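In: The sequence and its predicted three-dimensional model are supplied below.
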Amino acid sequence: MKKRRFKLLTKVVFFYLLFIFASFLISAFILQKEANEHMHRILENRFEHREHRIEYILEKNPEEELNSSWANVQKVKKVPDDFQPFYTDTVMLNEHTQRENIYRKKNTYLTVNENHYKVSMTKEADELYRFKDDVYHIVFPVFIVLVVALFLSNYLFSGYLFDPFRRILKQMAGYRLGASGALDNIKTSTYEFARLKQLYERMRKRIESDYYQLKEYTENMSHELQTPLSIIQNKTESLLSSNKLDEEQVEKLKTIHEETRQLSKLGKALNLLTRIENKEFFDIQYVETAPVIRHHLEKIEELAEMKSLSFETELDDQQKFTIDPGLLDIMLRNLLKNAMRYAQPSSVINIKTYQNYLVISNVGNPPEFPEKEIFNRFRRGNKNKTLGLGLAIVKKICEVSDLSIDYSYHEGRHIFTVTS
Amino acid sequence: MKILIVEDNEQLVEEIATFLRENNFVTEYALTLRNAREKVELYQYELIIVDLGLPDGDGLDLIRQIKEKDSETAIIVLTAKDSLDSKVKGLEYGADDYLTKPFHKSELNARIRSILRRRKAGGSNTVTVNEISIDLNASQVTVNNTLIQLTRKEYDLLLFLIYNKNRLLTKESIAEHLWGDHVDQADNFEFIYNHIKNLRRKITLAGGNDYLKSMYGMGYKFLID
């Protein structure tokens, strides 16, 4: 199951609210406790007044046993040991208002002139409870107002607050190596976004400097290699122009000549691979394949005749690929080269395009390695002195052009299918 | 006929210069872009061969400078880059042709002559070797004043051989000259033989000598003593 993702601001608001809710609860609790104590002190004060009055009455008349709504006094023999005054709250009918109110009753002992009395007094405590309830009545609505306000501001301001962030993201998404990827001047007063922008910029510069170094290296490598190879090639050809060579010398020179050629082609092919990988060919167009294929076939017709190969084409003139035309050219050239190289003499090479795919197939011996390895670098049939990079280049071109290429061997035919 | 070679590798410069001198061209060379810029400012060249990758700059800058000064100068770009973009750029700035390294000197020679011939508009334009005469304007070949019918490939082959007479032309360089990049598609270059054979037959039938010599199985030479 995919984990649900939330917007940062929503998350922040959520945790913020949790925190506020907790602090509201705590402060309500403290407030209530404070109120409790305060009310208790007030009540206690009043009870003490009453006690003084009772003491006053008892001093005058030690046998007086009060029994009224405000105090109940009974004479007792002695005060129990370790006695602490205790309070009970009860609901009673108020005689004046005829309403049920909460009353607090204090039970204690008084000692007046060595006489001991058990005293209980009741006092209305309704206010106290009402105050306690009021705390919650105020705290909760305030909290709800806060929740609504926060979500509303989240909804209204997230667009504004996160605008620089979204713009930075958009530019990052559109970034391509080699293209000028400098951030547009996105102004932000948010520390994190400014930092993000700064870091992205720094990262981009580092990547680009690495990239250009590598690119320079590859290009230099290729360039610096080709010049000495030119010299070797020309020198061997000069030597071969001489009439005074014996057979052994000629053979050696031929080998040098051939290997030089191979080396030069290898350098170029690897360079091409790197450049395709670096997406240096990015003149993406919607290209019709039929004219390109026909052009290639025309050029290689004569070469194919040498091997008595013929072409059977079934081209859809509407068929198009979205690709750099240069890359399409290289791709077709390599596929045709491969087909011609591995085709059995006097066989037919089939080329078919239709709607969204292109198929090139040729008759040939089964591959000597697993089918899926055919696009690997330096994978080649053993009979040929080839670079083994042609199909790797094709694969790479398909990769960067969002085309898929498949190879299969079926009923004696090697079949390559390019699908868009 | 003055040619300026702009290339940073001295060996290669020497190689090209010697070769061009053998072909009766006067050559000068510059190893750096700066040196080349000075030379171009001071002297007049009919053709300039420019390597794009120079140690102190891009050869394309030189092409721009040459074209600003004098558009009559022909330019051949040498590049190791084998990249479509720099070639195309070179041609956009007014280069007449390009060659990718490693190249065959015979090919360079053929390209130079082809460019110079194109520039020489009007007037007769023939290449004559003993009894063989090629009218470049009409693309016609006569042997002992008899017109012979050659295919396009045979005509190109003959011209290529004659431009590079007395020099070994490898099968590969011939194939590349005639088929360009597509020659990669071939397993081997044996098919050249058919064209050589046909060409030889057509020339000898018209009473010409057989100048085509096979060299060590490597290639052919148009041999004139």
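Out: That came through fine. Numbering: from 1, shown residues only, chains lettered A, B, ... in the order given.
In: which one is residue 17 nearest to, not counting chain neighbours?
Out: The chain I'm using is chain A. Setting aside the residues directly before and after it, A:L17 is nearest to A:V147 in space (Cβ to Cβ, 6 or more residues apart in numbering or on different chains), at 5.9 Å. Quick note: C-beta positions are derived from backbone N, CA and C, even for glycine.
In: wait, chain B
Out: Leaving aside its sequence neighbours, B:A17 is closest to B:T27 (4.5 Å, by Cβ to Cβ, 6+ apart).
In: same for the helix or strand hosting that neighbour, what does it pack against?
Out: When elements are assigned from DSSP states H and E, B:T27 belongs to strand B:26-30. In terms of contact count using 3 or more Cβ pairs under 8 Å, 6 or more residues apart in numbering or on different chains; DSSP states H and E, strand B:26-30 is assigned the packing partners strand B:2-6, helix B:10-22, helix B:33-42.
In: 6 Å instead, please
Out: Contact partners of strand B:26-30 among helices and strands, from 3 or more Cβ pairs under 6 Å, 6 or more residues apart in numbering or on different chains; DSSP states H and E: strand B:2-6, helix B:10-22.
In: returning to that earlier point: tell me how many other residues surround the residue nearest to A:L17.
Out: Residues near A:V147, counting by other Cβ atoms under 10 Å in any protein chain shown, number 15.
In: So which elements touch the host helix or strand of it?
Out: With the criterion set as DSSP H and E, the secondary-structure element containing A:V147 is helix A:126-161. Applying 3+ Cβ pairs under 6 Å, 6+ apart, one finds that helix A:126-161 makes contact with helix A:8-60, strand A:100-112.
In: out of these, deepest packed?
Out: Ranked by mean neighbour count under mean count of other Cβ atoms under 10 Å in any protein chain shown, these are led by strand A:100-112, which reaches a mean of 16.
In: coming back round to it: how about the strand holding B:T27 as CSV, C-alpha atoms only?
Out: Only the C-alpha atoms of strand B:26-30 are listed here, as CSV (Å, rounded to 0.1, in the frame of the first residue of the first chain):
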residue,chain,number,x,y,z
VAL,B,26,53.1,25.8,-52.4
THR,B,27,52.4,25.3,-48.7
GLU,B,28,52.8,27.3,-45.5
TYR,B,29,51.8,26.2,-42.1
ALA,B,30,50.7,27.6,-38.7
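In: And that strand, what's buried?
Out: By neighbour count, and taking 16 or more other Cβ atoms under 10 Å in any protein chain shown as the criterion, the buried residues in strand B:26-30 are B:27, B:29-30.
In: roughly how far is that strand from the heart of the chain?
Out: Once both centres are worked out by Cα atoms, centre = their mean, to the nearest Å, strand B:26-30 turns out to sit 17 Å from its chain's centre.
In: what's the domain layout of chain B?
Out: Domain assignment for chain B, taken from automatic domain parsing, gives B:2-121, B:126-222.
In: Quick one, which of the ones you listed gets closest to A:T386.
Out: Closest approach to A:T386 among those (Cβ to Cβ): domain B:126-222, 9.2 Å.
In: quick revisit: mind putting the domains of chain B into JSON lines with mean pLDDT?
Out: Rendered in JSON lines, the data for these read as follows (pLDDT from 0 to 100):
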{"stretch": "domain B:2-121", "mean pLDDT": "83"}
{"stretch": "domain B:126-222", "mean pLDDT": "85"}
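In: Reformat the ones you listed as TSV; add distance to A:K337.
Out: Formatted as TSV, those follow (distance: least, Cβ to Cβ, whole Å):
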stretch	distance to A:K337
domain B:2-121	17
domain B:126-222	5
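In: which SS class is A:A290?
Out: When the structure is split into helix, strand and coil by DSSP: H, G, I helix; E, B strand; the rest coil, A:A290 lands in helix.
In: Quickly compare the helices and strands packed on strand B:26-30 and say which is most buried.
Out: strand B:2-6 (a mean of 23).
In: can you tell if that one touches chain A?
Out: No - shown here: strand B:2-6 not in contact with chain A (Cβ under 6 Å from any Cβ of the partner chain), separated by at least 12.9 Å.
In: Need the residues that contact that strand.
Out: Counting by Cβ atoms under 6 Å, 6 or more residues apart in numbering or on different chains, the neighbours of strand B:2-6 from elsewhere in the structure are B:13, B:16, B:20, B:25-30, B:36, B:45-50.
In: Let me know the closest of these to chain A.
Out: The closest of the contacts of strand B:2-6 to chain A turns out to be B:I16 (Cβ to the nearest Cβ; 8.5 Å).
In: dump the residue contacts of that closest one.
Out: Going by Cβ under 6 Å, 6+ apart, the list of residues near B:I16 reads B:I5.
In: I'd like the distance between it and A:I231.
Out: 10 Å (Cβ to Cβ, to the nearest Å).
In: One more: A:F193?
Out: As it turns out, when the distance is counted by Cβ to Cβ, A:F193 lies 57 Å from A:I231.
In: what would the buried residues of strand B:26-30 look like in TSV with distance to B:D58?
Out: Below are these laid out as TSV (distance: Cβ to Cβ, whole Å):
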residue	distance to B:D58
B:T27	23
B:Y29	18
B:A30	14
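In: Give the next helix or strand downstream of the helix holding A:V147.
Out: Scanning forward in sequence from helix A:126-161, with DSSP H and E defining helices and strands, the next element found is helix A:163-173.
In: Could you tell me which other helices and strands that following helix packs against?
Out: The contact analysis (3+ Cβ pairs under 6 Å, 6+ apart) places helix A:163-173 against helix A:191-240.
In: what angle separates the helix it packs on from helix A:163-173?
Out: Relative orientation of helix A:191-240 and helix A:163-173, computed by axes from the mean of the first three to the mean of the last three Cα atoms, to 10 degrees: 10 degrees.
In: per-residue pLDDT, the closest residue to A:K372 other than its chain neighbours?
Out: What sits nearest to A:K372 in space, not counting adjacent residues and going by Cβ to Cβ, 6+ apart, is A:Y407, at 7.9 Å. The predicted local distance difference test score for A:Y407 is 89.
In: was I right about A:Y407 contacting A:F375?
Out: No - counting by Cβ atoms under 6 Å, A:Y407 does not reach A:F375; the two are 7.2 Å apart.
In: who's more crowded, the two?
Out: Set side by side, A:Y407 and A:F375 show unequal neighbour counts under other Cβ under 10 Å, the larger going to A:F375 at 20 against 17.
In: does A:L272 sit in a helix or strand, and which one?
Out: Per DSSP H and E: A:L272 is located in helix A:247-277.
In: Can that helix be said to contact chain B?
Out: Yes - contact of helix A:247-277 with chain B is found when judged by Cβ under 6 Å from any Cβ, involving A:250, A:254, A:264, A:268.
In: Just the buried positions in that helix, please.
Out: Counting neighbours by 16+ other Cβ under 10 Å, helix A:247-277 gives A:250, A:253-254, A:256-257, A:260-261, A:263-265, A:267-276 as buried.
In: Identify the residue of the stretch 1-150 of chain A closest to chain B, quick one.
Out: A:R5 (42.6 Å).
In: how close does that residue sit to B:F160?
Out: When distances are taken as Cβ to Cβ, A:R5 and B:F160 turn out to be 68 Å apart.
In: contact partners of stretch A:29-41?
Out: For stretch A:29-41, using Cβ under 6 Å, 6+ apart, the contacting residues are A:128, A:131-132, A:135.
In: and residue 55, what does it touch?
Out: No chain in the question, so chain A it is. A:E55 makes contact with A:V112 under the criterion Cβ under 6 Å, 6+ apart.
In: oops, chain B please
Out: B:D8.
In: Could you say which helix or strand holds the spatially most central residue of chain B?
Out: The residue at the geometric middle of chain B, judged as the C-alpha nearest the mean C-alpha position with Cα atoms, centre = their mean, is B:A110 (2.2 Å). Assignment of secondary structure by DSSP H and E places B:A110 within helix B:105-119.
In: One more: A:I415?
Out: Assigned by DSSP H and E, A:I415 belongs to strand A:413-419.
In: What residues sit buried inside that strand?
Out: A:413-414, A:416, A:418.
In: Pick out whichever of those sits closest to B:G217.
Out: A:H414 (31.9 Å).
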